[in-house]
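Colleague: Coordinates only, no sequence provided:
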């Protein structure tokens, strides 16, 4: 049974930093694509960062230059470090995993966490 549990969200002021964590179990963590998504009220879900089974990363334009996605294969934890947070970063953040090492392509994500809320005040 696959479980993804996010943590690390909270309320911060603009310009601050947060590191989100996603503890994974039941999935071949080191070999699959994993991603971070976010959804703000009234907006569509946005894919913000991915890391594939070969440790190649990709970022949305909204987070590029401010965020780093990484994973600790020994601990099965996925991270998203974001600096210089902006009010528009306010959203529920979710981690997700595919059953494939590749993040590109048409297959969707198979497993999702429950999310962790990030609120950035100006």
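Modeller: The structure has been received and is ready for your questions. From a predicted model like this one, the values you see are computed outputs, not experimental measurements. Residues are numbered from 1 along each chain as shown.

Colleague: From here on, just use CA atoms for contacts and neighbour counts.
Modeller: Will do.

Colleague: wait, isn't residue 26 in contact with residue 2?
Modeller: Yes. Taking contacts as Cα atoms under 8 Å, residue 26 lies within contact range of residue 2: 4.2 Å.

Colleague: These two: who's more crowded?
Modeller: Neighbour count, other Cα atoms under 10 Å: between residue 26 and residue 2, residue 2 has more, with 13 against 10.

Colleague: Contacts only, for that one.
Modeller: Shown in contact with residue 2 (Cα atoms under 8 Å, 6 or more residues apart in numbering): 24-27, 111.

Colleague: Same question for residue 54.
Modeller: So residue 54 contacts 31, 101 (Cα under 8 Å, 6+ apart).

Colleague: Now do the SS call for it.
Modeller: Three-state assignment for residue 54 (DSSP: H, G, I helix; E, B strand; the rest coil): coil.

Colleague: What are the neighbouring residues in contact with the nearest residue to residue 48 once chain neighbours are set aside?
Modeller: Excluding the flanking residues, the one nearest residue 48 by Cα to Cα, 6 or more residues apart in numbering is residue 60, at 4.7 Å. Applying Cα under 8 Å, 6+ apart, we find residue 60 in contact with 47-49.

Colleague: Restricted to strands, list the contacts of residue 2.
Modeller: 24-25, 111 (DSSP state E).

Colleague: By neighbour count, which of the residues you listed wins?
Modeller: Neighbour max across those (other Cα under 10 Å) = residue 24, 22 neighbours.

Colleague: Just list whatever residues bridge to that residue.
Modeller: residue 4 (DSSP bridges).

Colleague: now the nearest residue to residue 115 once chain neighbours are set aside: how far from residue 40?
Modeller: Among residues not flanking residue 115 along the chain, residue 94 sits closest, at 4.4 Å (Cα to Cα, 6+ apart). Distance from residue 94 to residue 40, counting by Cα to Cα, to the nearest Å: 11 Å.
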